[in-house]
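# The sequence isn't on hand, but the structure is:
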């Protein structure tokens, strides 16, 4: 029987309970959002004791399902004020699942200034003092845990940004090599973890075992069908393993949707220097790693390991969004400098998208000039020092932009937009505007149809069809996030019925009952309905489901277009709720 551990950081007690209230079959985002929506007062301050941080592996996580090692972390967001789920790869989700843990819920908050470590084993959860870790980055924090607990544990941790409860703080998860490179980045979940006084969670899965399907043979057959579909699709079997997520750089730039210098243009003249193709060649020439899995059982292997000119490890990836945020959005064309910034973000515990976008806003504010890579690195170092300017950088683009009187601030509900300009990809603009969690490309990746022609084609420059596209993708994404599967499996799902059938057949064998595509859709809808209800109770209204005005007024080169989906259409995205 799966167990939910409730860790009360006010009185430092732990309670184990069986899942109830319809939660027994939930996992990942479906479970984090259900618990947050059902238990957190919508009007509470995100850093108050009343907020809860829910950590949950996906439904299929820990099984033999390919690409199923995702971890969801949810809470009320200090960045947006909305409900939030952020997820990552790494080893912790599978470790939790192997221990039969459906979720860990952090409740309450300790006396200010105290730090703790949670140690999770087959015997339960122990709370230990960890004041000796105060002020450490993620790399040093996890290194100390491996020294004490051995090399086989997994760690979930925060850096300095999480300790001082910065709104852009992430939650780090160790990868296969034991490095804190996989991050639940968006929405400030690291700040909530910091408010609970938890510096690190050490998961020792010794004595655990892989979750067993109710029908093992049917599960094995379904796994093969799903894996075959992933291996047949060119994106999941060829492009992503070879060039990683940054394969998109030249594609999105050519489409005129590559936000440049704080969303002032749609193309960056030096994209080739930071492209996936260039990154591949640099990594290969230096002896880094191409086609790296972020967790065991990942067949797509879109990650990579970036090394310096001497072949020494620098960071993972960096990924497409990270390279764009610290690259084109800041007018920077130096891969080595971007890799250094990525390493700093991971160590400090910062969302790379939010942080890169904040650096671009800082450049527009005149703090440093566009293109100043060394200046950007100095700003990140200010975060580690805890200076006033560093805290502004770690607070996100909206806060820094307001403090410096910047008019062009590319955020929705306080969260910075990722690497696609909504004027040249109007479907992603609908997702940015209406997502339950602020601007988030992963909430409904309309780029698939707007630009990549995966799962069909919808003209990226016209408003027609964009609402329907975003709605369908947001529903499907919520279900995928609940399953524990990597979002990139959606490329195969959109083009190959066998992929969707494989998912449903895996879930059917897992549960031991019929499970259809309609059931999968209903899972996504139910998750979105819970999130929308929470946000409504927290004071969010249709007027909050909008892009900043400059997207409707400033024409984006090279297409000279504005965002043109009418507000009344945006209000129809969630008509099903």
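That came through, no problem. Keep in mind that this is a model prediction, so the values were computed, not measured. Residues are numbered from 1 along each chain as shown.
# the helices in the stretch 101-250 of the chain, which residues?
Here the stretch 101-250 of the chain has its helices, by DSSP state H, counting those that start in this stretch, at 138-149, 160-163, 189-195, 216-232, 234, 240-243, 248-254.
# Would you mind finding the most buried of these?
Comparing these by mean neighbour count (mean count of other Cβ atoms under 10 Å), helix 189-195 comes out on top with a mean of 31. C-betas here are computed from N, CA, C, even on glycine.
# Now for the closest residue to residue 225 other than its chain neighbours: which residues touch it?
Spatial nearest neighbour of residue 225, excluding adjacent residues (Cβ to Cβ, 6 or more residues apart in numbering): residue 502 at 4.1 Å. Residue 502 makes contact with 222-223, 225-227, 229, according to Cβ atoms under 8 Å, 6 or more residues apart in numbering.
# And the longest helix seen in the chain, how far out from the chain middle?
Among the elements of type helix in the chain, defined by DSSP state H, the one spanning the most residues is helix 517-537. Mean-position distance between helix 517-537 and its chain equals 19 Å (Cα atoms, centre = their mean, to the nearest Å).
# All the strands of the stretch 351-500 of the chain, residue numbers only.
With DSSP state E, counting those that start in this stretch as the criterion, the stretch 351-500 of the chain has strands at 411-412, 415-416.
# just checking, what packs against the first one?
Counting by 3 or more Cβ pairs under 8 Å, 6 or more residues apart in numbering; DSSP states H and E, the packing neighbours recorded for strand 411-412 are helix 397-403.
# So which residues make contact with the helix it packs on?
167, 354, 357-358, 360-362, 364-365, 392-393, 406, 408-411, 414-416.
# What are the buried residues along stretch 35-44?
35-37, 40, 42 (16 or more other Cβ atoms under 10 Å).
# what do you get for stretch 161-174?
For stretch 161-174, the neighbour count (16+ other Cβ under 10 Å) marks 161-174 as buried.
# from those residues, which single one is nearest residue 423?
Here the nearest of these to residue 423, counting by Cβ to Cβ, is residue 168; it sits at 24.8 Å.
# can you give me the helices for the stretch 351-500 of the chain?
With DSSP H, counting those that start in this stretch as the criterion, the stretch 351-500 of the chain has helices spanning 352-364, 373-385, 388-393, 397-403, 426-434, 447-450, 466-483, 490-495, 497-511.
# Okay, angle between the last one and helix 517-537 too, please.
It stands for helix 497-511. Angle of helix 497-511 versus helix 517-537, following axes from the mean of the first three to the mean of the last three Cα atoms, to 10 degrees, is 80 degrees.
# on that earlier part again, please convert the helices of the stretch 351-500 of the chain to CSV, extending it with distance to residue 78.
Conversion of the helices of the stretch 351-500 of the chain to CSV gives the following (distance: least, Cβ to Cβ, whole Å):
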stretch, distance to residue 78
helix 352-364, 12
helix 373-385, 16
helix 388-393, 13
helix 397-403, 11
helix 426-434, 20
helix 447-450, 28
helix 466-483, 21
helix 490-495, 29
helix 497-511, 33
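# Out of those helices, which is closest to residue 560?
For the helices of the stretch 351-500 of the chain, proximity to residue 560 was assessed by Cβ to Cβ; helix 426-434 is nearest, at 14.3 Å.
# Give me the angle between the closest one and helix 466-483.
Using the same axes, to 10 degrees: helix 426-434 against helix 466-483 is 70 degrees.
# Against which helices or strands is helix 426-434 packed?
helix 447-450, helix 466-483, helix 567-570.
# which stretch among those comes nearest residue 435?
Ranking those by proximity to residue 435 (Cβ to Cβ) places helix 466-483 first, at 6.9 Å.
# since we're on the closest residue in space to residue 364 that isn't next to it in sequence, how many residues are nearby?
Spatial nearest neighbour of residue 364, chain neighbours left out: residue 262 (4.7 Å); criterion: Cβ to Cβ, 6+ apart. When neighbours are defined as other Cβ atoms under 10 Å, residue 262 has 24 of them.
# distance of residue 262 from residue 211?
In this view, residue 262 and residue 211 are 45 Å apart by Cβ to Cβ, to the nearest Å.
# Equivalent analysis for residue 567, please.
On the measure of Cβ to Cβ, residue 567 and residue 211 end up 45 Å apart.
# between these two, which one's more packed in?
Ranked by neighbour count (other Cβ under 10 Å), residue 567 and residue 211 place residue 211 first, with 18 against 13.
# Report the separation between the closest residue to the more buried one other than its chain neighbours and residue 85.
Excluding its sequence neighbours, the residue lying closest to residue 211 (Cβ to Cβ, 6+ apart) is residue 62, at 4.7 Å. Counting by Cβ to Cβ, the gap from residue 62 to residue 85 is 19 Å.
# Mind splitting this protein into its structural domains?
The record's domain split for the chain, according to automatic domain parsing, is 3-203, 213-243+444-577, 245-421.
# Same list, the ones you listed, but as TSV with mean pLDDT and distance to residue 433 please.
Listed next are those as TSV, based on pLDDT from 0 to 100; distance: least, Cβ to Cβ, whole Å:
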stretch	mean pLDDT	distance to residue 433
domain 3-203	97	13
domain 213-243+444-577	96	5
domain 245-421	97	6
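# Those domains: which one's closest to residue 438?
Comparing these by Cβ to Cβ, domain 245-421 comes nearest, at 2.9 Å.
# Just the endpoints, please. Distance across the closest one?
17 Å (Cα to Cα, to the nearest Å).
# thinking again about what came up before, can you tell which of the domains of the chain is closest to residue 431?
domain 213-243+444-577 (3.9 Å).
# you'd agree residue 538 is up against residue 77?
No. Using Cβ atoms under 8 Å, residue 538 is not in contact with residue 77; the gap is 10.0 Å.
# Need the overlap of contacts for those two.
By Cβ under 8 Å, 6+ apart, residue 538 and residue 77 have these common neighbours: residue 83.
# Which of the two has more residues huddled nearby?
Neighbours were tallied for residue 538 and for residue 77 using other Cβ under 10 Å; the higher tally belongs to residue 77 (27 against 17).
# Assess the claim that the more buried one and residue 187 are in contact.
Yes. At 4.1 Å, residue 77 counts as touching residue 187 under the criterion of Cβ under 8 Å.
# any common contacting residues for these two?
84, 415, 437-438.
# my guess is residue 16 meets residue 7, correct?
No. Between residue 16 and residue 7 there is no contact under Cβ under 8 Å: 10.3 Å.
# Looking at those two, which is more packed in?
Neighbour count, other Cβ under 10 Å: between residue 16 and residue 7, residue 7 has more, with 25 against 11.
# Give the helix, strand or coil label for residue 540.
What DSSP: H, G, I helix; E, B strand; the rest coil gives for residue 540 is coil.
# All good on my end, thank you.
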